[in-house]
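*Asks:* Fold the following for me, if possible:
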Amino acid sequence: MLTLIENALENFLEDDDGQAVVMLNLLRFREDLGRERYAEYLAVATPIVARFGAEIVYVGNGLPALSAEPGQAWDAMALVRYPNRRAFAEMAMDADYRNRAAPLREAALAEAVLQPLQTVSSQEPR
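*Replies:* Numbering: from 1, shown residues only. Got it, this is the predicted structure:
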């Protein structure tokens, strides 16, 4: 199950501009078969997220951090691109995702951060 910050999803959807959004997933695996369970999660979740027009763009293992406070290194990360914020919300609430994929994700992870990202236009100040 995705555990979201209280009111985060509502605020996320309120500010929806209809543009694509990329979700950065920072992942810390459980010591007992976490990586293996996450691989199972990806196998189940990939076709589910595709139904909502999303795609898993990248999944990679974390290497030792070059600049971070203690405890900020992550085991892996994933980038998932959604066509818009509503597609993410619909996927997260989908019964198939909640019943089949979410339990595998929960069993795999000791900790996770789900950070939405939006492309910066070349016209915007950085």
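*Asks:* and the helix or strand of the chain with the lowest mean pLDDT, how far from the chain's centre?
*Replies:* When each helix and strand of the chain is scored by mean pLDDT, DSSP states H and E, helix 8-14 comes last, with a mean of 86. Helix 8-14 has its C-alpha centroid displaced from the chain centroid by 16 Å (Cα atoms, centre = their mean, to the nearest Å).
*Asks:* give me the element Arg35 is part of.
*Replies:* helix 34-51 (DSSP states H and E).
*Asks:* relative orientation of the next helix or strand after that helix and helix 34-51 in degrees?
*Replies:* Sequence order places strand 55-61 as the next helix or strand after helix 34-51, per DSSP H and E. Here the directions of strand 55-61 and helix 34-51 differ by 170 degrees (axes from the mean of the first three to the mean of the last three Cα atoms, to 10 degrees).
*Asks:* if we can go back for a sec, could you say what helices and strands the least confident helix or strand of the chain packs with?
*Replies:* Applying 3 or more Cβ pairs under 8 Å, 6 or more residues apart in numbering; DSSP states H and E, we find helix 8-14 packed against helix 85-93. Where you see a C-beta, it was placed from the backbone N, CA and C, and this is true even at glycine.
*Asks:* Cool, thanks, signing off.
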